[in-house]
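J.: I would like to see how this sequence folds:
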Amino acid sequence: MIFVQALKNACILSCYIQPGAKSTQVDSIYNDCLKIKISRPPVDDQANKELIKFLAKILDIKKTQISIRSGEHSRYKKLLIEDKFEYITGKLNAFNV
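T.: Predicted structure coming up:
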């Protein structure tokens, strides 16, 4: 998976976010990033909070294990996920992206 980088006991997930979508869901691969549609608008950090909540749910990890490392005010984001690379990629494989 080109959009996930392995670190020691963590990984970096490169995402492209589409806020204000009809529903929150994993969509596709876009410019070497995982494209995620977010139902919340990009106002008052709502989309970022929804992104972290959604990823925590689908990856079955705590929200505190996910943090935005870059792109807080951009559609392109790099997220630090504090869990093993193999576990995260295994969970993401379920989305066939």
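J.: List the buried residues in stretch 65-85.
T.: Neighbour counts over stretch 65-85 (16 or more other CB atoms under 10 Å) mark 65-66, 68, 71, 75, 77-79, 81, 83, 85 as buried. Any C-beta I mention is one placed from the backbone N, CA and C, and that applies to glycine too.
J.: Residues in contact with the strand or helix carrying residue 90: which ones?
T.: Per DSSP states H and E: residue 90 is located in helix 85-93. Under the criterion CB atoms under 8 Å, 6 or more residues apart in numbering, residues 1, 4, 6-7, 10-11, 13, 26, 34, 58-60, 81 lie in contact with helix 85-93.
J.: Residue 22: which of the buried residues of stretch 65-85 is nearest?
T.: Distance to residue 22 across those (CB to CB) is lowest for residue 75, with 17.0 Å.
J.: For my notes, confirm residue 34 occurs in a strand.
T.: Yes - using DSSP: H, G, I helix; E, B strand; the rest coil, the secondary structure at residue 34 is a strand.
J.: So in terms of bridging, what pairs with it?
T.: residue 15, residue 29 (DSSP bridges).
J.: That'll do, ta.
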